[in-house]
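*Asks:* Just need the structure, nothing else, for what follows:
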Amino acid sequence: MAFDFSYYSPTKVVFGKNTENKVGELIKEFGGKKVLIHYGGKSAVASGLIDKVKTILDGEGIEHIELGGVVPNPHLGLVREGAELCKKEKVDFILAVGGGSVIDSAKAIAYSLGEPDKDVWELFLRERKPKECIPIGSILTISAAGSETSSSCVITNEKTKEKRSCNSDLSRPRFAIMDPVLTMTLPDYQTQSGCADIMMHTMERYFTNGGNMEMTDEIAEGLLRTVIKNAKILHKDPKNYEARAEVMWAGSLSHNNLTGCGNDGGDFMSHKLEHEMGGMFDVTHGAGLAAIWASWARYVYKDCLPRFVKYALNVMQVEPGETDEDTALRGIEAMEEFYREIDMPTNMRELGIEPTDEEIEAMAESCMRVCKKPSGSAKKLDKDDMIAIYKAAR
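*Replies:* Here you go, the predicted model:
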């Protein structure tokens, strides 16, 4: 039987070629008068996109300042720097130009400005809940995190090596400009890491014990098959617009809660395990998820067997085995083969890290502090379970 649910997705999506040209009118629509243009590294500048945005805002009479420097696991230090800059300049709207890391950094700055007398990191340590957040919008340049329509925000404290999340509808962007052309210059590794991340956002909601809805399952399975198909296309033909468009739209639908309607809230232990890897080793998030998933899956599948069988048959489209366990394992193996086909890692060694037993212990201990109790839906994991999964993935 399905669980009761509320579905809320207020972000205005403007999708298609040259939609970034509408950024000025959209900011005005949502009340922005002075804007922080927030972005990552050199590519947004080198491509001319930042200059284009500034020219458009100038033409609309919208004041703006800018702050670049966001890294793939966005740092708390830059969030604090951005918040101070925005306070000084009296910014009332933040425009994120980039992927999930940039959007998450923008969300954290917006939280800071919403409650300027409090330390934003308290939100990520779950010491308090957010009450205010100034508005943000985004121009998406990487299909991956789904942060452009989600309530999620993940920040890394670079001093303590903690990677933590804060989820609140207050931070959902007012608009998301999505032009697939803007993703065409990405290296294949980033494209495929994004595809792995997109899929995992739906898979975390799929591998659950408890209620599920047929309609939600159909959406989830169709989304996953679509990403698999188009990730393979982009691996060989990175300029394929239709494949870029399919993956970009899948990224938003995968993490705006649509693929979790009617379930128990999802598992999300692969994400929590990877967050510790990202905090300690600064790995690319999607690739980190690919590196941990199969070890997690083999550890938990017997406790969530009907869902793993359904995934194997309906998503990976394997031939049924002699038993349900055989079928489930065929699905896990097919998923690993897909990762290899798109040059994603299937373990931590392939990811480029080889944590020691002491580092694995520290990651499991940190993850358990976040969870506070055995957590997960496919199987509830405690610290010993986490250590076993990390070691299996090593």
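*Asks:* How far off centre is the helix or strand hosting Ile103?
*Replies:* Using DSSP states H and E, Ile103 sits within helix 100-114. Chain-centre distance of helix 100-114: 14 Å, with C-alpha atoms, centre = their mean, to the nearest Å.
*Asks:* Pull out the buried positions in the next helix or strand after it.
*Replies:* Toward the C-terminus, helix 100-114 is succeeded by helix 121-124 as the next helix or strand (DSSP H and E). Neighbour-count burial for helix 121-124 flags Trp121, Leu123, Phe124 (criterion: 16 or more other C-beta atoms under 10 Å). (Glycine included, C-beta is placed from N, CA and C.)
*Asks:* And helix 121-124, what does it pack against?
*Replies:* strand 152-157, strand 162-167 (3 or more C-beta pairs under 8 Å, 6 or more residues apart in numbering; DSSP states H and E).
*Asks:* Extract the CA atoms of the last one and return them as PDB.
*Replies:* Provided in PDB are the C-alpha atoms of strand 162-167 (Å, rounded to 0.1, in the frame of the first residue of the first chain):
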ATOM      1  CA  GLU A 162      32.600  17.100   6.900                       C
ATOM      2  CA  LYS A 163      30.200  17.000   4.000                       C
ATOM      3  CA  ARG A 164      26.700  17.700   5.200                       C
ATOM      4  CA  SER A 165      23.200  18.400   3.700                       C
ATOM      5  CA  CYS A 166      20.300  20.700   4.500                       C
ATOM      6  CA  ASN A 167      16.900  20.100   3.000                       C
END
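*Asks:* Make sure Glu218 is indeed in a helix.
*Replies:* Yes: counting by DSSP: H, G, I helix; E, B strand; the rest coil, Glu218 is part of a helix.
*Asks:* which stretches of this protein have low pLDDT?
*Replies:* By pLDDT under 70, the low-scoring segments of the chain are 1.
*Asks:* give the contact list for the nearest residue to Cys153 once chain neighbours are set aside.
*Replies:* Setting aside the residues directly before and after it, Cys153 is nearest to Lys107 in space (C-beta to C-beta, 6 or more residues apart in numbering), at 4.1 Å. Listed by C-beta atoms under 8 Å, 6 or more residues apart in numbering, the contact set of Lys107 reads Cys133, Ile136, Ser147, Cys153, Ser171.
*Asks:* Also Ala312?
*Replies:* Taking C-beta under 8 Å, 6+ apart as the test, what Ala312 contacts is Val318, Thr327, Ala328, Arg330, Gly331, Ile332, Ala334.
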